[in-house]
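A.B. asks: Below are the sequence and a predicted model; questions follow.
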Protein chains: 2
Amino acid sequence: MAKQNNVFKDAFNRCVKLLEQSASLPSEPELGAALGVSRTTVRAILTRLEDVGLLAWEKRRKIVLRKPLASDYFPTEETDSLSEIIERSFMRRILAGGAEPGMQINELELAREIGIGTTSVREFLIRFSRFGLIEKRPNSHWVLKGFTREFALELTEVREMFELRSAAAFARLPAEHPAWLELDAIESVHHAILGDIENRYLDFSELDERFHLLVHRASKNRFIVDFYDVIAIVFHYHYQWNKTNARQRNARAMEEHLAYIAALRSRDPTQIEDACRRHLKSARETLLQSIN
Amino acid sequence: MAKQNNVFKDAFNRCVKLLEQSASLPSEPELGAALGVSRTTVRAILTRLEDVGLLAWEKRRKIVLRKPLASDYFPTEETDSLSEIIERSFMRRILAGGAEPGMQINELELAREIGIGTTSVREFLIRFSRFGLIEKRPNSHWVLKGFTREFALELTEVREMFELRSAAAFARLPAEHPAWLELDAIESVHHAILGDIENRYLDFSELDERFHLLVHRASKNRFIVDFYDVIAIVFHYHYQWNKTNARQRNARAMEEHLAYIAALRSRDPTQIEDACRRHLKSARETLLQSIN
DNA sequence: CATTTGTCTTTTATCGGCAATAGACAGATC
DNA sequence: GATCTGTCTATTGCCGATAAAAGACAAATG
């Protein structure tokens, strides 16, 4: 086995979905652009669609033969990229499992446990090391620094510096900047989720990321925007892991977001700083509570 | 060929130097601790020392037989780690060579050019990507974002936020904290270099890094300290590359450092902020000048 | 009895190789 | 003449294998 073919499988699934509401398919380059893959992969997809009897394909003629069934799709486990699989597996180990700070991390062991080669694990650990949770001892093992109180405090300290500055920059965006439209869209999703909070409070995690990333982008600084990856991954797994009082916490955070959004619209620096600080303070508290 | 044996070669050279002023060598664990390598490597070194007739080794008895010659050392090119070799080669390409922003980076080509395997190049690029100069297109090439004016501005923006905060934290360190002693040491190196500026102005680069890293460490925030890597690498290659007016620039920067150090000692927040801002401003200007 | 040494096992760093995927080019088609 | 398809090549992502380096453990030594 060399490369996974998850790009193919994932694009295939998306193509089948596309095909559910259409009688034919567009040209190969167009399809490639729609699915975000190369023509090579498009042709592999078309070949398979033909093999399973979903499509009659001859040159430019691509006619859908029948409605797709659930069994036509690849199972979702097979569409994830290796790095996603490793990330999940690794985060489960260090967040859920009894992972003491100072613990050694063994590339070979991790690789065997997940059932993959060591190269992928190494590459993952190198990429992951920028989140500040692990550290390399050259020619030797990695050390887990752990999801500790110090980590959370250091993370939020930088987050607050960056977000205050980004929020201030946001207020200075010209009125015709697309970010304002996106802000409107985000605001209305807030109202929608709050209106059906019982059923939808878990949608907050994704919305939270979308909102804060929009704010950070206003800084127009790659280091600030990139740092948001660290925050996003920590909060992402934090939300998945710690569900106590989730509904109440998320509702409160959304109210804070709405105040923050209103402040951004006012373009008044003091109001923005207040709303931003208030929200970040409660986000920090929530995170800290989940640690001790 | 699997692993380089540069750890062995580098430790061997350091051991030969140790042996220049000593009639015998200590125990294996002690020697390992002194050289920062494992006993396995120590024993390989001892074996070779014996082979080339520098040492009589029998169990605990390790007697130096003769003074080492220049030819006993491994050539310095062989003691560098692969990642250092790749880094130098890569930085030369993107700083010196006509490397346009937007240019594609090809792993295979880079590997062939340096004469190494693709895995090492990939790992280097992944590690290097946190410096914000390159970006990965998954399943495809890397894109060079380039050492541009925007890059320098974004970098210095974050640097200024971090350093101002770190400098403020420095002033709050207790009087018995070892950082104050290190600050004294750094100050006296400044005086020493300024006293012989004609010959020693190139020593500034290393001193600059030592000083600013000390300040950043006072933040006690891993993200701030880690970010200093980005600054350090940029300024390191910048100093190597751009030597116009180096003596004058370095002398000026050292004067600014001395004022900055005095301000830190005063522990007065306003004075510190002033001195820090003044120095960072001129550092930014120097960096920008080298770009356009 | 605390170190040191001899011996052995485990892990890391790196390589070459291969399938998946991207991408280039010329001829075919509308 | 712009776009599409057929075909071919180049590059990435991943694996297994191997030498270098770390490290574990027991016997030996002072």
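C.D. replies: Nice, I can see it. Owing to the predicted nature of the structure, the values given are computational and were not obtained by experimental measurement.
A.B. asks: And A:Trp142, its phi and psi?
C.D. replies: Here is the backbone geometry of A:Trp142 (degrees, to the nearest 10): phi -90, psi 150.
A.B. asks: So it sits against A:Leu133, correct?
C.D. replies: No: contact between A:Trp142 and A:Leu133 fails when scored by CB atoms under 8 Å: they sit 10.1 Å apart. (C-beta placed from N, C-alpha, C; glycine too.)
A.B. asks: Farthest from the middle of chain A: give me that residue.
C.D. replies: A:Glu58 (38.5 Å; CA atoms, centre = their mean).
A.B. asks: For that one, list each beta-bridge partner.
C.D. replies: A:Arg61 (DSSP bridges).
A.B. asks: Next one: it from A:Leu18, what distance?
C.D. replies: 19 Å (CB to CB, to the nearest Å).
A.B. asks: A:Pro138 too?
C.D. replies: Taken as CB to CB, the span from A:Pro138 to A:Leu18 is 48 Å.
A.B. asks: Looking at the two, which is more packed in?
C.D. replies: A:Leu18 (16 against 8; other CB atoms under 10 Å in any protein chain shown).
A.B. asks: Which helix or strand contains the closest residue to the more buried one other than its chain neighbours?
C.D. replies: Spatial nearest neighbour of A:Leu18, chain neighbours left out: A:Ala34 (7.2 Å); criterion: CB to CB, 6 or more residues apart in numbering or on different chains. In the assignment (DSSP states H and E), A:Ala34 maps to helix A:28-35.
A.B. asks: What are the buried residues along that helix?
C.D. replies: Neighbour-count burial for helix A:28-35, counted by 16 or more other CB atoms under 10 Å in any protein chain shown, picks out A:28, A:31-32, A:35.
A.B. asks: Could you save the residues you listed as a markdown table and add columns showing pLDDT and distance to B:Ala171?
C.D. replies: As requested, these are exported to a markdown table (pLDDT from 0 to 100; distance: CB to CB, whole Å):
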| residue | pLDDT | distance to B:Ala171 |
| --- | --- | --- |
| A:Glu28 | 98 | 64 |
| A:Leu31 | 97 | 62 |
| A:Gly32 | 98 | 58 |
| A:Leu35 | 98 | 56 |
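A.B. asks: OK, contacts around A:Arg252?
C.D. replies: Applying CB atoms under 8 Å, 6 or more residues apart in numbering or on different chains to A:Arg252 gives the contacts A:Ser282.
A.B. asks: Helix or strand: which one has it?
C.D. replies: helix A:246-266.
A.B. asks: next structured bit after that helix?
C.D. replies: Toward the C-terminus, helix A:246-266 is succeeded by helix A:269-291 as the next helix or strand (DSSP H and E).
A.B. asks: re the thing from before, could you tell me the angle between the helix holding A:Arg252 and helix A:269-291?
C.D. replies: 160 degrees (axes from the mean of the first three to the mean of the last three CA atoms, to 10 degrees).
A.B. asks: Kindly export helix A:246-266 (C-alpha atoms) in PDB.
C.D. replies: Extracted as PDB, the C-alpha positions of helix A:246-266 are listed here (Å, rounded to 0.1, in the frame of the first residue of the first chain):
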ATOM      1  CA  ALA A 246     -23.100  22.700  27.400                       C
ATOM      2  CA  ARG A 247     -26.400  24.100  26.500                       C
ATOM      3  CA  GLN A 248     -26.300  26.800  29.100                       C
ATOM      4  CA  ARG A 249     -22.700  27.700  28.400                       C
ATOM      5  CA  ASN A 250     -23.300  27.900  24.600                       C
ATOM      6  CA  ALA A 251     -26.400  30.000  25.000                       C
ATOM      7  CA  ARG A 252     -24.500  32.500  27.200                       C
ATOM      8  CA  ALA A 253     -21.600  32.600  24.700                       C
ATOM      9  CA  MET A 254     -24.000  33.300  21.900                       C
ATOM     10  CA  GLU A 255     -25.500  36.200  23.800                       C
ATOM     11  CA  GLU A 256     -22.000  37.600  24.300                       C
ATOM     12  CA  HIS A 257     -21.300  37.100  20.600                       C
ATOM     13  CA  LEU A 258     -24.400  39.100  19.700                       C
ATOM     14  CA  ALA A 259     -23.300  42.000  22.000                       C
ATOM     15  CA  TYR A 260     -19.800  41.800  20.500                       C
ATOM     16  CA  ILE A 261     -21.200  41.900  16.900                       C
ATOM     17  CA  ALA A 262     -23.300  44.900  17.800                       C
ATOM     18  CA  ALA A 263     -20.200  46.600  19.200                       C
ATOM     19  CA  LEU A 264     -18.300  45.900  16.000                       C
ATOM     20  CA  ARG A 265     -21.100  47.500  14.000                       C
ATOM     21  CA  SER A 266     -21.000  50.600  16.200                       C
END
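A.B. asks: which parts of chain A sit against DNA strand D?
C.D. replies: A:1-4, A:26-30, A:39-40, A:43, A:59-60, A:62, A:81-83, A:116-120, A:123, A:137, A:139-141 (CB under 7 Å from any atom of the strand).
A.B. asks: Smallest gap between the stretch 151-292 of chain A and DNA strand D, at which residue?
C.D. replies: A:Asp229 (17.4 Å; CB to the nearest atom of the strand).
A.B. asks: what's the offset of the helix or strand where that residue lies from the middle of its chain?
C.D. replies: Using DSSP H and E, A:Asp229 falls within helix A:222-241. Counting by CA atoms, centre = their mean, to the nearest Å, helix A:222-241 is centred 8 Å from the centre of its parent chain.
A.B. asks: okay, now the closest residue to DNA strand C within the stretch 51-200 of chain A: neighbour count?
C.D. replies: Across the stretch 51-200 of chain A, the shortest distance to DNA strand C (CB to the nearest atom of the strand) belongs to A:Glu107, at 3.4 Å. Other residues lying near A:Glu107 total 16 when counted by other CB under 10 Å.
A.B. asks: Surely it touches A:Thr118?
C.D. replies: Yes: if you go by CB under 8 Å, A:Glu107 and A:Thr118 touch, sitting 5.3 Å apart.
A.B. asks: Just want the angle from the host helix or strand of A:Arg48 to helix A:28-35.
C.D. replies: Applying DSSP H and E as the criterion places A:Arg48 in helix A:39-51. On the basis of the same axes, to 10 degrees, helix A:39-51 is oriented at 100 degrees to helix A:28-35.
A.B. asks: per-residue pLDDT, A:Gly146?
C.D. replies: For A:Gly146, the model assigns a pLDDT of 88.
A.B. asks: which residues does it contact?
C.D. replies: Neighbour list for A:Gly146: A:94, A:99-103, A:133 [criterion: CB under 8 Å, 6+ apart].
A.B. asks: do you know how far it is from A:Asp184?
C.D. replies: As judged by CB to CB, A:Gly146 and A:Asp184 stand 40 Å apart.
A.B. asks: Pull the contacting residues for the closest residue to A:Thr47 other than its chain neighbours.
C.D. replies: In space, and not counting its chain neighbours, A:Thr47 is closest to A:Trp57: 7.8 Å by CB to CB, 6+ apart. Going by CB under 8 Å, 6+ apart, A:Trp57 touches A:46-47, A:49-50, A:63.
A.B. asks: quick one: low-confidence ranges for the stretch 1-150 of chain A?
C.D. replies: Residue ranges of the stretch 1-150 of chain A with pLDDT under 70: A:97-98.
A.B. asks: which bits of it sit near DNA strand C?
C.D. replies: By CB under 7 Å from any atom of the strand, the residues of the stretch 1-150 of chain A that approach DNA strand C are A:1-8, A:37-41, A:44, A:59-60, A:105-109, A:118-119, A:122, A:136, A:138-142.
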